[in-house]
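>>> okay, predicted coordinates and the sequence, questions at the end:
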Amino acid sequence: MNPVFEIIPEAIFFQQTNLICEISTNSFSYIFENDIEKKFYGLSVFHFDKKDFDISEQLKDIFKEQSLLRKNYKKVFISFSGEESALLPEELYNPGGNASLLNALYGDLHDGIILTDLVADKKLYNVYRMPAAIHKVIVEQFPLAVFSHQYSLLIKQEFGSSDLLKIIFYKDTFVATLIKSGELKLMHTYLYQSGTDVVYHLLNICRQFDMANVPLRIGGMIEIDSNLHKEISHYFPNITFDELPAEYEFAVSLKEFPPHYFSHLYSLALCV
């Protein structure tokens with residue numbers, strides 16, 4: 001399987017480097033981070049073939065073909081971006097009810113591994129389910145990897161005290177995070193096939209929470225001045241795109257891409 005994007009480091013000291021991976025139902029990405037030098041050295045992004053529904057087999061192929069994934073890194077971190085997630089206040093968390101909670105919200109048709117993140121600063125638990133086959137492939141490849149859900153990491157970010165609708169675009173999904181007066185109100189993953197789908201979901205979010213003229217901040221796989229961007233801006237005129245985190249340095253080849261393309265991957269390093 002060929003990567004959609006691939007920036008291979010010119011030189012890398014594996015025992016000083018963190019391998020940070022993100023996996024979803026439509027993509028797998030990884031970046032190289034040196035947390036001492038505060039620098040990113042390279043990355044790769046793969047899109048799964050939707051015609052082949054066995055993502056775990058595609059993931060195995062990537063691991064076989066990518067020799068850089070078979071090195072001894074300082075730390076391996078896995079961020080899972082999946083819809084089956086439930087955020088609970090600390091006082092309502094009941095570990096014995098995790099399976100029942102997720103089954104009630106999403107059904108019990110899929111075989112999955114239930115994992116839990118504690119976001120201590122926010123006094124929240126994130127209970128989520130990862131497909132069992134995907135979890136098995138990752139653990140076999142990275143037996144010492146640390147897991148977390150994408151939502152748990154997004155919650156750790158500082159969004160300020162104002163209103164904000166933060167969007168991360170992927171191949172055919174986007175993750176929306178709504179902040180109202182500095183408080184988290186919504187975090188959800190949506191499917192889309194067109195700009196009309198995206199606008200519908202965004203307007204519906206604003207209607208549910210009685211908000212108007214909400215500023216949008218966008219990252220991920222979207223082109224500036226694309227038809228998708230133009231359709232969104234017709235309804236949301238206040239749009240900004242993610243920039244590179246100022247506290248990090250970047251390999252020259254990474255700077256050749258628009259900063260927002262991989263901002264969601266860079267932000268992982270700030271939260272792990």
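Great, that's in hand. Numbering: from 1, shown residues only.
>>> and the helices in the protein, which stretches?
Applying DSSP state H to the chain gives helices spanning 55-65, 98-106, 132-141, 150-156, 195-208, 227-235, 263-271.
>>> show me where this protein dips below the pLDDT cut-off.
51-53 (pLDDT under 70).
>>> domains for the protein, by residue range?
1-156, 158-241 (automatic domain parsing).
>>> tell me which of those sits nearest to Glu249.
Closest to Glu249 of these is domain 1-156 (C-beta to C-beta; 4.2 Å). C-beta: built from backbone N, CA, C; applies to glycine.
>>> strands of the stretch 51-200 of the chain, start to end?
In the stretch 51-200 of the chain, the segments counted as strands under DSSP state E, counting those that start in this stretch are 75-81, 85-89, 112-119, 124-131, 146-149, 164-169, 173-180, 183-191.
>>> just to revisit the earlier point, of the helices of the chain, which stretch is the most buried?
helix 150-156 (a mean of 22; mean count of other C-beta atoms under 10 Å).
>>> who touches that helix?
Residues outside helix 150-156 that contact it (C-beta atoms under 8 Å, 6 or more residues apart in numbering): 22, 24, 79-82, 85, 87, 117, 119, 121-122, 124, 126, 128, 166, 175, 177, 184, 187, 267-268, 271-272.
>>> for PyMOL, write the selection for the buried entries among those.
A single PyMOL command selects the buried members of those (16 or more other C-beta atoms under 10 Å):
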select buried, resi 22+24+79+80+81+82+85+87+117+119+124+126+128+166+175+177+184+187+267+268+271+272
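>>> what about Leu43, how many residues nearby?
A count of neighbours around Leu43, defined by other C-beta atoms under 10 Å, yields 25.
>>> ok, now the one 3 residues further on?
Other residues within reach of Phe46 by the criterion other C-beta under 10 Å amount to 23.
>>> quick one: Gln66 and Val272, what's the gap?
To Val272, Gln66 is 21 Å away according to C-beta to C-beta, to the nearest Å.
>>> what does Phe80 give?
Distance from Phe80 to Val272, by C-beta to C-beta: 13 Å.
>>> what touches both of those two?
Ser148.
>>> tell me the contacts of Leu101?
Counted by C-beta under 8 Å, 6+ apart, Leu101 has contacts 86, 88, 127.
>>> got a list of what the spatially closest residue to Ile239 that is not a sequence neighbour touches?
Once flanking residues are discounted, Ile239 sits nearest to Leu216: 4.7 Å by C-beta to C-beta, 6 or more residues apart in numbering. Applying C-beta under 8 Å, 6+ apart to Leu216 gives the contacts 164-167, 202, 232, 236, 238-240.
>>> now do Leu216 against Ser27, distance only.
Remark: distance between Leu216 and Ser27 (C-beta to C-beta) = 22 Å.
>>> and for Thr17?
In terms of C-beta to C-beta, Thr17 sits 22 Å off from Ser27.
>>> can you pick out the residue with more neighbours from these two?
Ranked by neighbour count (other C-beta under 10 Å), Thr17 and Ser27 place Thr17 first, with 25 against 19.
>>> re the thing from before, need the buried ones from the contacts of Leu216 selected in ChimeraX.
Buried members of those, defined by 16+ other C-beta under 10 Å, are picked up in ChimeraX with:
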select :164,165,166,167,202,232,236
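>>> I'd like the contacts of Leu216 as TSV, with distance to Asp225 appended.
As requested, these are exported to TSV (distance: C-beta to C-beta, whole Å):
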residue	distance to Asp225
Leu164	22
Leu165	20
Lys166	20
Ile167	16
Leu202	18
Ile232	11
Phe236	15
Asn238	16
Ile239	11
Thr240	14
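>>> I'd like to know which of the contacts of Leu216 is nearest to Ile36.
Lys166 (29.1 Å).
>>> and the gap between the residue lying closest to Asp35 once chain neighbours are set aside and Glu37?
The shortest distance from Asp35 to any residue other than its chain neighbours is 5.9 Å, reached at Asn18 (C-beta to C-beta, 6+ apart). According to C-beta to C-beta, Asn18 and Glu37 sit 11 Å apart.
>>> can you check Phe142 too?
Using C-beta to C-beta, we find Phe142 at a distance of 23 Å from Glu37.
>>> ok, these two, which is more surrounded?
Neighbour count, other C-beta under 10 Å: between Phe142 and Glu37, Phe142 has more, with 19 against 13.
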